[in-house]
Every structure is written in structure tokens, then in C-alpha cells.
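> Predicted model follows, preceded by the sequence.
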Amino acid sequence: MNILIIGGAGYIGSHVAIEFLDQNHQVTVFDNLSSGLQENIFPEEAFIQGDILDYDRLVCAMSRGFDALIHLAAFKAAGESMVEPEKYSRNNIGGTLNILHSALKTSIKYIVFSSSAAVYGEPRYLPIDEKHPTNPENYYGFTKLEIERIMGWYDKLKGLRYANLRYFNAAGYDPKRRISGLERNPANLLPVVMEAAVGIRKEVQIFGNDYDTPDGTCIRDYIHVSDLAAGHVAALEYIAAKDASLTVNLGSETGISVLEMIETARKVTGVNITSKIVGRRPGDPAKLTSSAGLAKEILGWQAAYSHVETLIASTWDAYRRQK
């Protein structure tokens with residue numbers, strides 16, 4: 001298939017682009033490079049610089065004969081979304097409407113949307129499956145859920161088939177070492193640990209060690225970005241073959257605690273990474289894990305790289321190459 005990857009220069013997007021190329025699809029990247037990196041564009045010669053808020057630019061890009069779109073161009077900082085909801089409304093919701101309308105204008109029928117497990121909010125049970133109630137606790141999660149709802153209507157009214165992929169924490173780097181650019185201003189745990197390992201940060205802050213977990217620190221579901229990329233490919237191939245839409249979780253189904261991540265990173269890197277216990281953050285659940293049973297059943301997908309050692313080793317390799 002001929003695929004346009006919107007946000008394809010970003011951390012997740014670049015891995016998704018590589019996976020589609022590995023599976024013999026044709027790929028073009030559309031990105032405004034606000035957080036994406038030029039060195040992470042694959043293939044280099046098939047790049048369109050543009051913004052999803054520019055409807056005319058989107059229509060022009062999509063007029064090149066694409067079969068499908070991958071949408072990874074949403075802002076994702078949950079904390080920022082609570083302070084600047086207008087920014088997230090404009091880009092995430094308004095930008096997505098531009099994407100959908102451009103797709104309809106250019107007769108593109110399939111779209112894979114990088115959604116989020118943030119649509120679920122506080123867990124009522126674990127692991128979280130697709131039947132779990134959706135009640136986002138931050139505005140970022142709200143925008144993702146609203147986009148899912150809009151896509152549902154566009155499926156009914158316009159025949160636009162979608163796959164909504166819900167996941168928690170993407171981590172790791174391409175095991176074949178093809179991605180060289182690091183995330184800008186990372187906020188997730190693993191890159192923060194790596195920044196402490198290479199001396200960019202003085203220490204890693206641990207937000208509470210008195211949770212009801214085996215070591216007292218929060219447990220989260222981490223999915224290797226290459227596993228996530230494979231899920232995008234499987235989801236697109238499914239909705240194209242079945243001519244039906246899909247909402248599905250992608251996850252490792254095994255949680256990793258903050259302390260486990262730091263201690264394993266010390267072993268893998270050989271660096272005595274400094275950490276400091278600080279107070280809990282408001283709204284942090286003790287444990288978040290997702291069920292990927294539906295993805296296994298209907299997509300034949302399963303996480304292959306998402307164990308803690310591989311997550312850390314592949315990330316450490318990427319950071320060492322930048323030293």
C-alpha cells in the first residue's frame with residue numbers, strides 16, 4: 001500500500017515508518033518538525049513538510065494517490081494540556097478534522113490513529129481491556145477520546161475506516177539501530193533515566209515509594225516502540241482486508257515499577273544512576289497495565305521486544321551513540 005505517515009519524523013512515527021518499509025509498503029512522511037527530527041525521516045526523499053492546521057497543504061499532500069493514513073501528529077503532554085487546553089483543542093481536535101476532511105476530499109478510505117490508554121482514566125480494574133469505561137482525567141486524554149468518537153461518526157456517515165490504537169508508555173529504540181535522533185524534552189521515565197546515566201540530569205526523581213506495590217513505587221505498562229510500530233502495520237492491514245473499523249489496546253501486559261526500571265538501568269549501563277525519593281504526584285495510580293488479548297486474537301499481534309532489559313538496552317545504545 002501507499003501510505004502517508006502524518007507525524008512520521010517523531011519518535012514513534014519514525015519507527016512506524018521503518019516498520020511499514022520493512023513490510024514492503026510505500027511510505028511518505030508528513031511532518032512540521034516541531035518535535036520530529038530531520039535525521040529520523042524514512043525514506044529521506046519522500047518527505048513533505050507541513051502542518052495539520054494547514055488544510056490546503058494537507059489536501060495537496062494527500063492528492064498524491066495514497067491508500068491510507070497514519071495519524072501520529074497529536075500533542076501529548078498531559079500536564080501541559082491541563083494548563084493550555086486551547087492548544088490541544090486546536091491541534092489535536094481541529095488538526096484531526098483537517099486530516100479527516102482532506103482524506104475524504106482525496107478519496108483516502110483508511111486511517112490508523114495513534115490514540116492513548118489515557119482515554120480510560122483511573123482504572124476500575126486491571127488489566128484494562130477495551131470494555132473498560134472511558135473517563136479521561138486530563139485534557140490530553142479527552143482530546144484522544146473525542147477524536148475516537150468523531151472517527152466513529154465519520155465511519156457511519158462517510159465510510160472512513162479507522163483503527164484506534166490505545167497504549168500507555170512507548171519506550172525503547174529500533175533494535176537494528178536505524179533511529180539516531182533522540183526525543184526532544186522527554187518526560188517519560190526511561191529517557192529521564194538515560195539522561196541521568198549520561199549526565200544530562202543530576203538525578204532521577206521517584207514520585208513516591210509508599211504505594212501498594214511490591215517495591216512501593218508505581219507500576220506502568222511499557223511497550224517497545226518497535227512492537228507498537230508492528231501493531232500499526234497489523235491494524236492497517238486488518239481494516240483494509242475486512243473493510244471494518246477497529247479499536248484495540250496494544251500493551252506488554254506486564255508492568256514495570258519505577259524502581260525496577262532504575263535498578264535494571266544501573267545493571268545494563270554500568271552507571272550508578274542517582275535517584276531521589278520525592279513526594280507523590282497528584283492523580284498517580286499505583287498500577288496501570290493493559291490487556292492486549294483482543295490484539296492477539298484478531299490481529300495476530302504480540303509484544304516481542306517489551307521486556308525491561310531490551311527496553312533499556314536499546315535506549316542506552318541510542319543515547320550512547322549521541323555522546
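Received, thanks.
> what separates the residue nearest to Gly255 when sequence neighbours are not counted from Val27, distance-wise?
The shortest distance from Gly255 to any non-neighbouring residue, by C-beta to C-beta, 6 or more residues apart in numbering, is to Ile219 (3.7 Å). The way it works is simple: take the backbone N, C-alpha and C, and place the C-beta from them, glycine included. Note on Ile219: its distance to Val27, by C-beta to C-beta, to the nearest Å, is 35 Å.
> got a list of what the residue nearest to Gly255 touches?
When contacts are counted by C-beta atoms under 8 Å, 6 or more residues apart in numbering, Ile219 touches 213, 255-257, 286-289.
> Kindly export stretch 307-323 (C-alpha atoms) in PDB.
Taking Å, rounded to 0.1, in the frame of the first residue of the first chain, the C-alpha atoms of stretch 307-323 are listed here in PDB:
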ATOM      1  CA  HIS A 307      10.800  -6.900  28.400                       C
ATOM      2  CA  VAL A 308      12.700  -4.500  30.600                       C
ATOM      3  CA  GLU A 309      16.200  -5.400  29.600                       C
ATOM      4  CA  THR A 310      15.500  -4.900  25.900                       C
ATOM      5  CA  LEU A 311      13.700  -1.600  26.500                       C
ATOM      6  CA  ILE A 312      16.700  -0.300  28.400                       C
ATOM      7  CA  ALA A 313      19.500  -1.800  26.300                       C
ATOM      8  CA  SER A 314      18.100  -0.400  23.000                       C
ATOM      9  CA  THR A 315      17.500   3.000  24.600                       C
ATOM     10  CA  TRP A 316      21.000   3.100  26.200                       C
ATOM     11  CA  ASP A 317      22.500   2.200  22.800                       C
ATOM     12  CA  ALA A 318      20.700   5.200  21.200                       C
ATOM     13  CA  TYR A 319      21.900   7.600  24.000                       C
ATOM     14  CA  ARG A 320      25.500   6.300  23.800                       C
ATOM     15  CA  ARG A 321      25.600   7.000  20.100                       C
ATOM     16  CA  GLN A 322      24.800  10.700  20.800                       C
ATOM     17  CA  LYS A 323      27.600  11.100  23.400                       C
END
